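> only geometry, no sequence info:
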């Protein structure tokens, strides 16, 4: 019987790399012939990526060139790392870099953990109608643009002026016996405003992902836990959370990859000259030195390239860390 089984399913020796490369065109033709419809469906997306994502990447050459409009990107002279020396000698860049990292760390600590907590709490609601109303209220801000949402924030936090009582928040503070606060002109408060407004606006998107993961948990696990005497807390800690941990890990990695980037729409619509010291981030800095009137496209390209490379490195290292926790990463 053992000899027969070995004869039917012999272990195929692994081909050498040279042999595999030699047979690659043949295998590609067979795969194309077999799955031609799937490749046809993917073709528009591949063409889009090649034209609009990979095609413009030659523009990163500006980070290492002294750009001359009449000579173009290819014909402009090389200057090596000169633009990076200019960036690191610019106090505004250093301050914007510091603000970006601090704000994104706050987002990671408070925003990310709150989104997971919110999804778990919504899932624990027993009354379906109440659950639907709360979900709608949480999702609604996500569908508003930052222009509208920032306007609402400024109205709510508006400081009182002669002839005006100010925003709702200041009205409550004054009614409780406190002094009105001009939130939008206080540098020490601006980072907190960014974190809180980002949580309010984007929590709905994250909770959808986590609730979808929770919906995929096998109900028999909860039934077995209930039979064994487990309460809601035990089910939450030992069934629900471990089952959504892969989704949490992916969302964590995606947020880590944004550690050196910043939400331009949010900051640009909320900040002002009074809060530059704590609110100016790299995206607004890059905008000012390029499209905002500076026309220093080489510096902005160098800054963008640096930030994306740092974000990629952060993603790679955090992905390795997540894999050590026995959770599947992104790659």
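Yep, that arrived. This structure is a prediction, so every number in the text was calculated from the model and none was measured.
> Number of residues surrounding residue 117?
13 (other CB atoms under 10 Å). The way it works is simple: take the backbone N, C-alpha and C, and place the C-beta from them, glycine included.
> Tell me the first helix or strand C-terminal of the strand or helix carrying it.
Assigned by DSSP states H and E, residue 117 belongs to helix 112-124. Downstream of helix 112-124, the next assigned helix or strand under DSSP H and E is helix 128-139.
> Give me the contacts around the next helix or strand after that next one.
Using DSSP H and E, the helix or strand that follows helix 128-139 in sequence is helix 146-156. For helix 146-156, the external contacting residues (CB atoms under 8 Å, 6 or more residues apart in numbering) are 141, 144, 167-169, 184, 193, 197, 201, 263, 265-266, 269-270.
> which non-adjacent residue is nearest residue 92?
Closest residue to residue 92 apart from its sequence neighbours, by CB to CB, 6 or more residues apart in numbering: residue 285 at 6.3 Å.
> Give me the secondary structure label for that neighbour.
Under DSSP: H, G, I helix; E, B strand; the rest coil, residue 285 falls in the helix class.
> Not counting the helix holding residue 117 itself, show me its contacts.
Residues contacting helix 112-124 (CB under 8 Å, 6+ apart): 131, 134-135, 138, 199, 202-203, 206-207, 210-211, 214, 232, 236, 240-241, 244, 248, 251-252, 255.
> Quick check: phi and psi at residue 78.
When quoted as degrees, to the nearest 10, the phi and psi of residue 78 stand at phi -80, psi 140.
> Residue 161 now?
phi -130, psi 160.
> tally of neighbours for it?
Counted with other CB under 10 Å, residues neighbouring residue 161 total 10.
> Next one: residue 118 relative to residue 138, how far apart?
Using CB to CB, to the nearest Å, we find residue 118 at a distance of 7 Å from residue 138.
> Any chance you could list residues touching both of those two?
Between them, residue 118 and residue 138 share the contacting residues 203, 207, judged by CB under 8 Å, 6+ apart.
> Okay, buried residues for the helix holding residue 117 please.
Across helix 112-124, burial judged by 16 or more other CB atoms under 10 Å covers 112, 114, 115, 116, 118, 119, 120, 122, 123.
> And that helix, how far out from the chain middle?
Its chain's C-alpha centre and that of helix 112-124 lie 18 Å apart, by CA atoms, centre = their mean, to the nearest Å.
> now do stretch 104-121
On the basis of CA atoms, centre = their mean, stretch 104-121 sits 13 Å off its chain's mean C-alpha point.
> Likewise for stretch 171-185?
33 Å.
> Now that stretch: buried residues?
Applying 16+ other CB under 10 Å to stretch 171-185 flags 180, 181, 183, 184 as buried.
> Kindly report the same for stretch 189-202.
Within stretch 189-202, the residues that qualify as buried are 189, 190, 191, 193, 194, 195, 197, 198, 199, 200, 201, 202, counting by 16+ other CB under 10 Å.
> Which pLDDT does the model give the first one?
Translated: residue 189. Reading off the confidence values, residue 189 has pLDDT 91.
> for the stretch 151-300 of the chain, what are the low-confidence residue spans?
293-294 (pLDDT under 70).
> Tell me where it has helices.
Secondary structure of the stretch 151-300 of the chain (DSSP state H, counting those that start in this stretch): helices at 168-175, 187-215, 219-227, 232-235, 241-256, 264-270, 276-279, 282-289, 297-324.
> Hmm, residue 302 is touching residue 84, no?
Yes - in this structure residue 302 lies within contact range of residue 84 using CB atoms under 8 Å: 5.7 Å.
> Need the overlap of contacts for these two.
Residues touching both residue 302 and residue 84 (CB under 8 Å, 6+ apart): residue 63.
> Need the contact partners of stretch 33-44.
Contacts for stretch 33-44 (CB under 8 Å, 6+ apart): residue 32.
> Which residue of residue 302 and residue 84 possesses the greater neighbour count?
Using other CB under 10 Å, the more surrounded residue of residue 302 and residue 84 is residue 302, with 23 against 16.
> quick one: that one from residue 232, how far?
For residue 302, the distance to residue 232 - CB to CB - is 53 Å.
> what's the answer for residue 205, then?
For residue 205, the distance to residue 232 - CB to CB - is 26 Å.
> Check residue 100 too.
40 Å.
> who has more neighbours, these two?
Each of residue 100 and residue 232 has its neighbours counted (other CB under 10 Å); residue 100 has more, 23 against 13.
> any idea which element the more buried one lies in?
Take DSSP H and E as the rule and residue 100 turns out to sit in helix 91-106.
> in that helix, what's buried?
Across helix 91-106, burial judged by 16+ other CB under 10 Å covers 93, 95, 96, 97, 99, 100, 101, 103, 104, 106.
> Let me know the closest of these to residue 65.
Closest approach to residue 65 among the buried residues of helix 91-106 (CB to CB): residue 93, at 19.2 Å.
> nearest residue to that closest one other than its sequence neighbours?
residue 87 (4.9 Å).
> Show the contacting residues for the one you found.
Taking CB under 8 Å, 6+ apart, one finds 93, 299, 302, 303, 306 in contact with residue 87.
> Many thanks, I have nothing further to ask.
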